[in-house]
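Novice: Pasted the sequence and its predicted model underneath.
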Amino acid sequence: YALGALFMVVFGAVYTAVSYTHRIRDRPQGIVGSIFLVYLVGTVTSALAGKLVERLGRRGALYLAIGTASLGLVLSALDSLITVLLGLVLITAGFFVGHSVASSSVSHTATTGRAQASALYQTTYYLGSSLGALLGALAFHAAGWNATVALGLLAMASAAAITLYATRKAAAERRLATSA
């Protein structure tokens with residue numbers, strides 16, 4: 001649940017605050033509005049998430065999603081419209097892969113109450129969106145785009161820590177099962 005919320009914090013923060021940045025804000029409204037076409041990247045990356053899980057495993061796909069979104073955040077902090085747009089593409093790709101893997105992991109690991117588990121995932125996911133939009137806007141208005149980027153990087157570092165914990169726990173369980 002936390003992973004879905006953390007990925008959504010990034011997505012909510014970025015897409016709430018990006019149009020405030022001078023790189024975007026000072027452009028014609030058609031360009032500003034067309035930035036949201038980057039969402040279409042999600043259509044492709046969501047479809048690829050299953051293949052990534054087959055190839056890398058769930059945690060491997062999560063690490064890739066975290067790294068992709070983090071790289072996108074860093075690129076978006078550079079002072080160029082092109083790097084901001086490339087950053088948004090990477091953030092969006094990382095978000096949609098991360099969300100797809102986190103969401104499917106809930107149904108994969110829930111042994112009972114799958115509908116409730118899925119509903120709880122959706123609740124935390126949308127709480128992450130609301131929190132990300134609020135904190136992203138507050139960070140931007142307090143200290144600019146780089147503060148919003150820092151918020152996103154903090155969320156991705158938290159997601160990486162959770163994924164690393166799960167990776168280590170799974171390895172320990174495998175060792176225990178093998179030795180028994």
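Specialist: Yep, that arrived. Residues are numbered from 1 along each chain as shown.
Novice: Name the spans of this structure whose pLDDT lies under the cut-off.
Specialist: 22, 180 (pLDDT under 70).
Novice: Helices along that one, start to end?
Specialist: Applying DSSP state H to the chain gives helices spanning 2-17, 22-25, 29-34, 40-76, 81-109, 114-143, 145-179.
Novice: what's the most buried one of those?
Specialist: Burial of the helices of the chain is given as mean neighbour count (mean count of other C-beta atoms under 10 Å); helix 2-17 ranks first at a mean of 26. Using the backbone N, CA and C atoms, a C-beta is placed for each residue, glycine as well.
Novice: what's that one packed up against?
Specialist: When contacts are defined as 3 or more C-beta pairs under 8 Å, 6 or more residues apart in numbering; DSSP states H and E, helix 2-17 packs onto helix 40-76, helix 81-109, helix 114-143, helix 145-179.
Novice: Tell me which residues are up against stretch 90-104.
Specialist: 1, 3-4, 7-8, 10-11, 14, 38-39, 41-42, 44-46, 48-50, 52-53, 58, 61-62, 64-73, 75-76, 118, 121, 125, 152, 159 (C-beta atoms under 8 Å, 6 or more residues apart in numbering).
Novice: Next, format the helices and strands packed on helix 2-17 as TSV and append distance to residue 25.
Specialist: Listed next are the helices and strands packed on helix 2-17 as TSV, based on distance: least, C-beta to C-beta, whole Å:
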stretch	distance to residue 25
helix 40-76	14
helix 81-109	11
helix 114-143	11
helix 145-179	10
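Novice: Nearest to residue 27 among the ones you listed would be which one?
Specialist: In terms of C-beta to C-beta, the element of those nearest to residue 27 is helix 81-109, at 7.6 Å.
Novice: next one: the closest one to chain centre, how far?
Specialist: Relative to its parent chain, helix 81-109 has a centroid offset of 5 Å by C-alpha atoms, centre = their mean, to the nearest Å.
Novice: between it and helix 114-143, what angle do the directions make?
Specialist: 150 degrees (axes from the mean of the first three to the mean of the last three C-alpha atoms, to 10 degrees).
Novice: Return the distance of residue 60 relative to residue 103.
Specialist: Residue 60 sits 17 Å away from residue 103, taking C-beta to C-beta, to the nearest Å as the criterion.
Novice: And for residue 163?
Specialist: Computed as C-beta to C-beta, the residue 163 to residue 103 distance reads 15 Å.
Novice: hang on, residue 159 packs against residue 5?
Specialist: No - Residue 159 is beyond contact range of residue 5, at 9.3 Å (criterion: C-beta atoms under 8 Å).
Novice: Please identify which of the helices and strands packed on helix 2-17 is closest to residue 20.
Specialist: Comparing the helices and strands packed on helix 2-17 by C-beta to C-beta, helix 114-143 comes nearest, at 5.4 Å.
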